[in-house]
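Novice: I would like the atomic coordinates for the input below:
(2 chains)
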Amino acid sequence: MPERINITNLSKRYGATVALSGVDMGILPGEVHAILGENGAGKSTLVKILSGVVSSSAGTISLDEKCIRPSSIIEARRCGIATAFQELSLIPNMTVAENILLPRASSGRFWPESKASIFERAREVLIEWEVNDISSQSIVADLTLAQRQRIELVRALSHARCLLILDEPTAALPDTSWLFRQLHHLTSRGVSVLYISHRLNEVREICQRATVLRNGASMGTVDLAGVDDEDIFTMMVGHGSSKKKRVSQESSTNGEVLLETYQLRSKMLKGINLQLHAGEILGVAGLEGQGQQELFRLFGGLHKPTSGEIRVGDKVTSLSSPRKALQVKPGIAFVPEERKTEGIFASLSAAANISIPHFAMTGWAKLVNGRIERHLAAEAADQVGLAPRYLGFEVGHLSGGNQQKVLLARALMTGAKILVLFDPTRGVDVGTKQSIYSMMRHFVDQGGAIIFYSSELSELVQLSSRCLVVYDGLITDDVAANEISEERLLASAHGPGNARKDSLQEAV
Amino acid sequence: MTIKRIADSGLMIMVIYILIFAMYGAVQPSALSAYSIQGLFNNSLPLMLAAAGATFVILQGGFDLSVAGTISLVNAIVAVLQFDGALGAIGMLAIALAAGILVGAINGFVVAYLKVQAIAATLATMIICQGVALLILRAPGGYVSDFMTYELTGSMFGIPVAIIIATLVALLWFVFRRTNAGRNLLAVGQDAKAAELSGINVARTQFFSFIWAGALYALAAYFLAALTSTGSPSAGEPFLLLTFAAVALGGTAFGGGRGSVTASLLGAATLVLMQKLLFSVGVSSFYTGMIQGMIMVLAVLFSGAVQFVVDRRNII
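Specialist: Below is the predicted model of the structure:
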């Protein structure tokens, strides 16, 4: 079968920086084709070129044997290419309907279309793609992250006639079945899918072939059925990476209690009792929207609970602001899930981003220059594995994984002993994940404590000394390291009854 | 969320306007006569049109300082051209609009395509227009036809022409808001990057916002000439800060993405009405500016408070 889309020697330079230095690949009709590669390998540049956001410096793209060069999103759509971006591209204060139908929300020729008609058209699109729980009249800003991700996906699904490009589509989705069903609908019609993800088990489930990128060039296209993870890692990083083993940890729940809550209640939480000990990595598992986000933001000082107690160190405190959370001994540093909008200062350098807490806490009339910032940031950057050459770069230009490292380095810089991390490896590649994991282990070995939420069960299994499961605003399970498994976490995440059922079965 | 919907719809400014009008009527009963109302709206219309124009640019997240320069320029042009009668008035309107649109096009090109920062670009345009106005009309004077002076400031079918014009602009916004161009304008103001990734031509949206602004400034200058029956090369100067005060009073956020032209029309009308109210109460005109400023601060604080409440809800 001839390949429908052919990419030959595609390159992109930004002045002296080479983002892509010659990508060759082909996509068959109706195929789900994965793009694999580390941070900085060029995946997002490839996506941007195909989507029409930037133009290539050299090379050709041919679709159905015609050469195309999309110079805008609209033009790409006319070629039949639609993209769901990793950093969601929805307009927050507009309705779901308007977002789905943008940029031509009103279809009337001489007179604007009525609101009811627009909502109805959008509703039809939502129903076509099996989204039944989101009303087309809802405002996007009122939706959860997972719901917004689905809207972003639906928009791309509805416009993809020839090629659908998905950049980390499952990062915020609790389970993949909905998405994979829609992809099957598309591919059965002959539409191809370009699937970019770091989650190899997902990639193996849905994709047939994969092209590996490294340092801006394509290393080759492989048939996923015929290679194992080790081979893929070798292609991605140029050397074999050590197998992810569960590091056996001595029981680290003996340390003093650094953070404790008693009957914590808020809008979504119904009475949370937990304890965080020094030296432990406390994992939190749960399906989307069970209250874990609110719990973490309470710890970060962004919300006030409606009732209940929070003890930090051994004092009852009210965490009225992030600043207060940092100041209360031994200090809580919060890293939120959306680094683009709540974390990085995009136009400042990485060093500035990292060293800001230092200046925030020590005086207000000091002169600062880049050299001082880099000097201060160097140690924290080293601990997270951020290459020193990135310290002078504008953070907005770094890849998602490096941006995440910057935010973690900043948290380390605050000197806080408690780290509250919400999905710290979202949208981050394999190599960066390993750096983040080792930073977390090192941190608790020094006597700190980490409470972190992850939507990736394997990560929770790998890292946690102990794992809590949240369901419907309550903690339904507290799993010790020796009992932890993905099945157990998944079962508990679906409701309190399931965990007991699971252990009953084990007993039998 | 109803609070947000109320704040965004311009209902607040409508209520404020009615309250102040009631106070005005109570203090000066003769203000409620048809003649007074006509005069009130005649005086309000130039600022209303200027605020409406500026709103188009502010809604997409930009800023347009050239309002003062454009008004001076078009005012000077209208005063220098000596056309009479109805046909002459229409001809001059066309020329005025063309001039305003030309200035808007220059602004739009420099900001949207050359990517010069809006404040710097429109400040430069303002100064240039101010200079060209002086070249065209050296001192206050010139000629404005009787037709314009009497017909435009009078009434048609019992309704002041000024109110008709203001209503037409409000209707224009009502329709525009629901077209794709209108939605895209607001989308760009909310999140230009997301708008671009959604397929909106951001540069073109920004460009046309300046064109709308220029056209409305020209209309303001045209009416101003009819109102004062003369032209002046510095006619636009008082408009610079009052225009933005009117927009802020109407509730349109300066960051873009929220607000409406109708609200700005009402904000401008409120500012002028406040002036009249203070005058009739006997407050020395020296205090007017101060009191207008205080009311504007209160309006902006209120708008900020509403946004704060809405955002807290959305923080989760």
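
Novice: secondary structure class for the residue sitting nearest the centre point of chain A?
Specialist: Residue closest to the average C-alpha location in chain A (C-alpha atoms, centre = their mean): A:R426, at 2.5 Å. The three-state label given to A:R426 by DSSP: H, G, I helix; E, B strand; the rest coil is coil.

Novice: verify the stated contact: it with A:Q149.
Specialist: No - at 11.1 Å, A:R426 and A:Q149 do not qualify as touching, with contact defined as C-beta atoms under 8 Å. C-beta here means a position set from N, CA and C on the backbone, and glycine is covered the same way.

Novice: the helix or strand encompassing A:S44 packs against which elements?
Specialist: For A:S44, the element it lies in under DSSP states H and E is helix A:43-51. When contacts are defined as 3 or more C-beta pairs under 8 Å, 6 or more residues apart in numbering or on different chains; DSSP states H and E, helix A:43-51 packs onto strand A:5-14, strand A:17-27, strand A:32-37, helix A:73-79, strand A:81-84, strand A:163-167, strand A:192-196.

Novice: and of those, who's closest to A:G59?
Specialist: Proximity to A:G59 (C-beta to C-beta) singles out strand A:5-14 among those, at 3.6 Å.

Novice: got the angle for the closest one vs strand A:32-37?
Specialist: 30 degrees (axes from the mean of the first three to the mean of the last three C-alpha atoms, to 10 degrees).

Novice: buried stuff in strand A:5-14?
Specialist: A:I5, A:N6, A:I7, A:L10, A:S11, A:K12 (16 or more other C-beta atoms under 10 Å in any protein chain shown).

Novice: now do that strand: everything it contacts.
Specialist: A:18-27, A:45-46, A:49, A:54, A:56-63, A:162-163, A:192, A:216 (C-beta atoms under 8 Å, 6 or more residues apart in numbering or on different chains).

Novice: pairing partners for that strand, with directions?
Specialist: strand A:17-27 (antiparallel), strand A:58-63 (antiparallel) (DSSP bridges).

Novice: can you lay out those as JSON lines showing mean neighbour count and distance to B:T125?
Specialist: Formatted as JSON lines, the strands paired with strand A:5-14 follow (neighbours: other C-beta atoms under 10 Å in any protein chain shown; distance: least, C-beta to C-beta, whole Å):
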{"stretch": "strand A:17-27", "mean neighbour count": "19", "distance to B:T125": "36"}
{"stretch": "strand A:58-63", "mean neighbour count": "16", "distance to B:T125": "40"}
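
Novice: which ones are touching residue 100?
Specialist: I'll assume chain A. A:A122, A:V125, A:L126, A:S136, A:I151, A:V154, A:R155, A:S158.

Novice: should've been chain B
Specialist: B:T70, B:V74, B:G214, B:A215, B:L216, B:Y217, B:A218, B:L219, B:A221.

Novice: over to A:V395?
Specialist: A:I344, A:F345, A:A346, A:S347, A:L348, A:S349, A:A350, A:N353, A:Q403, A:V406.

Novice: and the pLDDT for the second one?
Specialist: Yep, that's A:F345 we're talking about. Here, the pLDDT recorded for A:F345 equals 88.

Novice: helix/strand/coil for it?
Specialist: Per three-state DSSP, A:F345 ends up coil.

Novice: quick one: residues contacting it.
Specialist: A:F345 sits in contact with A:A352, A:N353, A:I356, A:V395, where contact means C-beta under 8 Å, 6+ apart.

Novice: just the fourth one next, same as before
Specialist: Counting by C-beta under 8 Å, 6+ apart, A:S347 makes contact with A:E394, A:V395, A:G396.

Novice: just the third one next, same as before
Specialist: Under the criterion of C-beta under 8 Å, 6+ apart, the neighbours of A:A346 are A:K340, A:E394, A:V395, A:G396.

Novice: returning to what we had before: kindly present the helices and strands packed on helix A:43-51 as CSV, with separate columns for mean pLDDT.
Specialist: Converted to CSV, the helices and strands packed on helix A:43-51 look like this (pLDDT from 0 to 100):
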stretch, mean pLDDT
strand A:5-14, 90
strand A:17-27, 88
strand A:32-37, 91
helix A:73-79, 90
strand A:81-84, 94
strand A:163-167, 94
strand A:192-196, 94
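
Novice: now tabulate those in TSV and tack on distance to B:L301.
Specialist: Formatted as TSV, the helices and strands packed on helix A:43-51 follow (distance: least, C-beta to C-beta, whole Å):
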stretch	distance to B:L301
strand A:5-14	44
strand A:17-27	46
strand A:32-37	50
helix A:73-79	39
strand A:81-84	40
strand A:163-167	41
strand A:192-196	46
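
Novice: looking at the ones you listed, which is closest to A:M268?
Specialist: Here strand A:81-84 is closest among these (C-beta to C-beta), at 27.5 Å.

Novice: tell me the first helix or strand C-terminal of the closest one.
Specialist: Assigned by DSSP H and E, the successor of strand A:81-84 is helix A:96-101.

Novice: nearest spatial neighbour of the residue nearest to the centre of chain A, skipping sequence neighbours?
Specialist: A:A171 (5.2 Å; C-beta to C-beta, 6 or more residues apart in numbering or on different chains).

Novice: A:Q327: which of the contacts of A:F345 is nearest?
Specialist: A:I356 (15.7 Å).
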